[in-house]
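Engineer: What would the 3D arrangement of this be:
(4 chains)
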Amino acid sequence: MREVAYSDSEMMIAVAARVLKGARTVFVGVGLPNIACNLARHTVAPDLELIYESGVYGARPERLPLSIGDPTLVSGAVSVVSMADLFGLYLQRGLVEIALLGGAQIDRYGNLNTTVIGDYSKPKTRLPGSGGACEIAINAQRTFMIMRLKRRAFVDKLDFLTSPGHLTGGDSRARLGLPGGGPALVITDKAILTFDNPQREMQLSDLYPGVQAKDVQAEVGWPLRLAVTIGETAAPTTEELRLIRDEVDPQGMYR
Amino acid sequence: MREVAYSDSEMMIAVAARVLKGARTVFVGVGLPNIACNLARHTVAPDLELIYESGVYGARPERLPLSIGDPTLVSGAVSVVSMADLFGLYLQRGLVEIALLGGAQIDRYGNLNTTVIGDYSKPKTRLPGSGGACEIAINAQRTFMIMRLKRRAFVDKLDFLTSPGHLTGGDSRARLGLPGGGPALVITDKAILTFDNPQREMQLSDLYPGVQAKDVQAEVGWPLRLAVTIGETAAPTTEELRLIRDEVDPQGMYR
Amino acid sequence: MNNSAKANKLVSMQDAIATYVSDNFSVAIEGFTGFICFAAGHEIIRQRRRNLTLIRMTPDLIYDQMIAAGTASKLIFSYMGNPGVGSLYCIRRAVEKAIPCPLELEEYSHYGLVGRYAAGASRLPFFALRSYIGSDMLAANPLIKLIDDPYGTGKIAVVPPLNPDVAILHAQRADAKGNTQLWGLLGMQKEIAFAAKHVIVVIEELVDESMIRADPNRTLIPGLIVDAVVHEPYGAHPSYVQGYYDRDNESYLAWDKLSQDHAAVLAWLDEWVYGLENHAAYVRKHGQAHFDKLKPEPLLAPSVDYGRHR
Amino acid sequence: MNNSAKANKLVSMQDAIATYVSDNFSVAIEGFTGFICFAAGHEIIRQRRRNLTLIRMTPDLIYDQMIAAGTASKLIFSYMGNPGVGSLYCIRRAVEKAIPCPLELEEYSHYGLVGRYAAGASRLPFFALRSYIGSDMLAANPLIKLIDDPYGTGKIAVVPPLNPDVAILHAQRADAKGNTQLWGLLGMQKEIAFAAKHVIVVIEELVDESMIRADPNRTLIPGLIVDAVVHEPYGAHPSYVQGYYDRDNESYLAWDKLSQDHAAVLAWLDEWVYGLENHAAYVRKHGQAHFDKLKPEPLLAPSVDYGRHR
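Structural biologist: Modelled structure (predicted):
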């Protein structure tokens, strides 16, 4: 049914943009999430303002930023503040509606590891660490994860829990008093996963065109729960593809 | 011995300026202290920078400020910051060498009352309250008080302790962990009082020309301790008077 | 913050107060010595609000007037004086003699009240500061507490967060979305704006969004947290707005005399508040020449180059 | 802060490092993604300092280079990546394989490390933040603690103050006293400057004090806390300075490849650090044309009027 050829990345960008529908603020990193947010501003969320942990509120970058501290995010922004104020007054205050996060490992409750593979004190691979992710995961009203499905990433047990998701499931997050709502979605290259069940456990919710549930399960390191009804995500529209290719990522850096 | 006539206020201004010798930073209110600081910049403390609780560092006012929040303190200042930063980064950080304070009542240990006369819950007179005085008294490296000698002001017991001086004397201030050094001087209209004894109790240290110790005692509500040797403060010099009258307070607002 | 996404939040002062300030609310009209929105205070008096909790570090003349008018039952503050002049007699009458009604006081030092705003602004359970130890203020206000430093350096004072129902802030300029720029004394305006449940911004000049985006470091309050924008020139008179008009010191000195008599205050309110429809009428009654005298000579900051990084 | 009163603090980078950076010191070269003073880092390598504790939220290429050169035994950080590119291979070699020497890590989240700076900057015993609860970071770093809110809302995380021996900060402009103005990403520069025992400011442009006083709201760091001012144009290359030059992304991408091999790194250090006398030689070796390409088109902020209030 693919009328126009598109890449996995384009599908992820289109999906990530759609789920921002009506959002007012999004906390965003560089790369694919940044493109998705800009696409959303052109489509489903015209009032969306981008917030970066570097201190930028309401960026209007004239190019795709090279990093979250790129000076193009400053020029033309609504407000640029110290990081203390960004984390305190925007994030911790609860003004971030949606935060986009990723990680090297994720578990069934949406907890993330960006710190180490192996033992913390003698790591096999030293990863970048938290950056702002730990407090973003705790304070944002909702978090959406964007991660490609890989068995080494969707693991039964994290090597290190950097950023809290639904912790051990159920109301364990609320019991610890974490102010934000926690993980709501995982946008992958094959399917959309949600946490809409009392256990707050990741479940297969929507499959992309041409993908089977077993293709997803094959890349997940635990028996993946299925939603009551599993939908099919629509392929990128020609308008979405045009916007991605002509407007938000004309150089194709993230395709 | 008065060669040139001068007022009590001019004497207080001259004395307050002299004791700022070599100082780098002073935390200052309006009125007489402000004039003294500006005189000191012309004489004994050319590098002196004025700090105001309103958020101003390094003011160069073009007129005598009407209040500590006067816009003339902003125009031409080195830095103007939020009050959170002024109190946190300058005062609490310990960057204020000398703070000038006053009050409705002072006791023998340099504790100050600016809150109420009478009972706190049913005050006879409701005074302005602390403003920044409580934290200034706690954090400044040294505090100098500027107050006219009056029996109702120099009291045996405060109606309310707003701003801590040497508390109950001796090492009581250090034992509570207050970071600043506390009261060092009281500059009055008749004499200079200090706290240079192990009890940190106010003592008569220097008499102004023509003043006797008994004139001072008459305005103090407890038996005033005397320093081992009592000096005589020199009258304002002709140069000090010229600067006060022509440069720092040409309109004579505080004479 | 239900209005945060509205592109045009411009309303009249009358509408802003009618919508966002109700009886029994906690209200902070802030700005240290300058940027004090008298126009908002007068409209609250005019709309006869009652039982307000008024919050301001330095109550200044505006709260003296509002308390004399009977709008408030409680005052949260840190310094109660007519700055550079003397006493606030209306507030003292309320405290000392319950005229026109009793007034409960809740009192802090400046840094303590700034800290309450800062904790409220960042959803923290408390703000720690080196103050109060050794002072009777600890006993006078049980909301101020001492805790042990978990790293073993001893006791430290803390104050709880403060989140007023509404904050009203005056500034030089904003766009119609409420993105607000302010220069001069930054005071506590940022903290109280983020702490409040609703924010009304009152401005001297309405500018295009592009003007705001041309100097993002100058934006103190984002439209995201602003509910209403009121374009009210001279709205901070007789206090001042940096670069726009100076303090009308005659008014401050006159109030010092007039406010010593409650009847005189009521007559003043009749003439200058109840007797006028709105702030524009107040400006007309003073006459433009009155404000022209308060205008400082220009002193322009040099520009800075943000660069088109593309 | 013994130098605070000196009217002229201008010194060469060589003298600044020789005077204020000693073996075993804790050193923070800060600036988030931009304003990273590579010139100072290179001079520290050139002067062969050893056993430093390096502090930076994002170690970036400069600490990768300094750690490969063997200057450091400990790193305090919150995100260890080549921003927008990938890994920092030299630091990973030190952590995973002790090449060229072992490196102790002390790790925070961004807000946690900002909070350590903020507590250090304001002489507070701790900084409270809503982070860490539920994370393994609490167990990995015993300096992060949980305390009970004295107002009864539950647990909150705290971090202790951090006061480095020296902070090195790059900015657009300062006067000879060290009064420093900076625009663009304000990051954590204010907090680390007030937290440090000594401060070296490195600037693109030296300006007269009158230029600073013409826009006091833009002054982030007062000369009061600055010990040395180094006028070093392009001193933040290959990172960027808002409005002055863009990031030299080719250098970031090239480092990603080159740094995967320790011998190649040593050769690079020989050519670009040890082999050059100072940063001026580094600029000459690149050639002016290289920097001209990085210059953005101008985008000037509108002026504001402070007014001559007299």
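
Engineer: show me where the stretch 101-250 of chain C has helices.
Structural biologist: C:110-121, C:137-140, C:189-195, C:209-213, C:249-258 (DSSP state H, counting those that start in this stretch).

Engineer: do the same with chain A
Structural biologist: A:8-18, A:32-42, A:83-85, A:133-139, A:172-175, A:213-217, A:238-242 (DSSP state H).

Engineer: could you dump the ones you listed to JSON lines with mean pLDDT?
Structural biologist: Below are those laid out as JSON lines (pLDDT from 0 to 100):
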{"stretch": "helix A:8-18", "mean pLDDT": "96"}
{"stretch": "helix A:32-42", "mean pLDDT": "90"}
{"stretch": "helix A:83-85", "mean pLDDT": "98"}
{"stretch": "helix A:133-139", "mean pLDDT": "98"}
{"stretch": "helix A:172-175", "mean pLDDT": "97"}
{"stretch": "helix A:213-217", "mean pLDDT": "98"}
{"stretch": "helix A:238-242", "mean pLDDT": "95"}
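
Engineer: The helices of the stretch 101-250 of chain C: which one's closest to C:Ala68?
Structural biologist: With respect to C:Ala68, and counting by CB to CB, the nearest of those is helix C:249-258 at 10.6 Å. Any C-beta I mention is one placed from the backbone N, CA and C, and that applies to glycine too.

Engineer: So that closest one, near chain B or not?
Structural biologist: Yes - using CB under 8 Å from any CB of the partner chain, helix C:249-258 reaches chain B at C:Asn249, C:Tyr252.

Engineer: Could you identify the helix or strand that succeeds that helix?
Structural biologist: helix C:262-269 (DSSP states H and E).

Engineer: okay but C:Asn217 is in contact with A:Ser82, surely?
Structural biologist: No - with contacts counted by CB atoms under 8 Å, C:Asn217 stays clear of A:Ser82, the gap being 9.9 Å.

Engineer: between the two, what contacts are shared?
Structural biologist: Counting by CB atoms under 8 Å, 6 or more residues apart in numbering or on different chains, the contacts common to C:Asn217 and A:Ser82 are D:Leu186.

Engineer: ok, now how distant is C:Leu75 from D:Gly235?
Structural biologist: Relative to D:Gly235, C:Leu75 is positioned 52 Å away (CB to CB, to the nearest Å).

Engineer: quick one, which of these two is more surrounded?
Structural biologist: Ranked by neighbour count (other CB atoms under 10 Å in any protein chain shown), C:Leu75 and D:Gly235 place D:Gly235 first, with 27 against 23.

Engineer: residues contacting the more buried one?
Structural biologist: D:Met13, D:Cys37, D:Phe38, D:Ala39, D:Ala40, D:His170, D:Val202, D:Ile203, D:Glu204, D:His279.

Engineer: which of the residues in stretch C:49-59 are buried?
Structural biologist: Going by neighbour count (16 or more other CB atoms under 10 Å in any protein chain shown), the buried part of stretch C:49-59 is C:Arg49, C:Leu52, C:Thr53, C:Leu54, C:Ile55, C:Arg56, C:Met57, C:Thr58, C:Pro59.

Engineer: show me the contacts for residue 6.
Structural biologist: I went with chain A, as the question did not name one. A:Ala14, A:Ala235, A:Pro236, A:Leu241.

Engineer: not quite, I wanted chain C
Structural biologist: Counted by CB under 8 Å, 6+ apart, C:Lys6 has contacts C:Lys177.

Engineer: mind checking pLDDT for it?
Structural biologist: The per-residue pLDDT reported for C:Lys6 equals 73.

Engineer: Give me the neighbour count for C:Arg284.
Structural biologist: Neighbours of C:Arg284 (other CB under 10 Å): 12.

Engineer: so is it in a helix, a strand, or just coil?
Structural biologist: Classification of C:Arg284 using DSSP: H, G, I helix; E, B strand; the rest coil returns helix.

Engineer: show me where pLDDT drops low in the stretch 151-300 of chain C?
Structural biologist: Under the criterion pLDDT under 70, no range of the stretch 151-300 of chain C is flagged.

Engineer: So which bits of it are right by chain B?
Structural biologist: For the stretch 151-300 of chain C, the residues in contact with chain B (CB under 8 Å from any CB) are C:153-155, C:184-188, C:190-191, C:240, C:242-243, C:246-247, C:249, C:252, C:296, C:299.

Engineer: and if we set it to 7 Å?
Structural biologist: By CB under 7 Å from any CB of the partner chain, the residues of the stretch 151-300 of chain C that approach chain B are C:154-155, C:184-188, C:190-191, C:240, C:242, C:246-247, C:249, C:299.

Engineer: Keep only those of the residues you listed that are also close to chain D.
Structural biologist: Filtering those for proximity to chain D by CB under 7 Å from any CB leaves C:Gly184, C:Gln242, C:Asp246, C:Leu299.

Engineer: quick one: which of these is nearest to chain A?
Structural biologist: C:Gly184 (17.9 Å; CB to the nearest CB).

Engineer: Not counting sequence-adjacent ones, nearest residue to that closest one?
Structural biologist: In this structure, C:Gly184 finds its nearest non-sequential neighbour in C:Gln242, 2.8 Å apart by CB to CB, 6 or more residues apart in numbering or on different chains.

Engineer: what does A:Ser54 give?
Structural biologist: A:Gly69 (4.3 Å).

Engineer: got it, and C:Gly86?
Structural biologist: The shortest distance from C:Gly86 to any non-neighbouring residue, by CB to CB, 6+ apart, is to C:Asp256 (5.3 Å).
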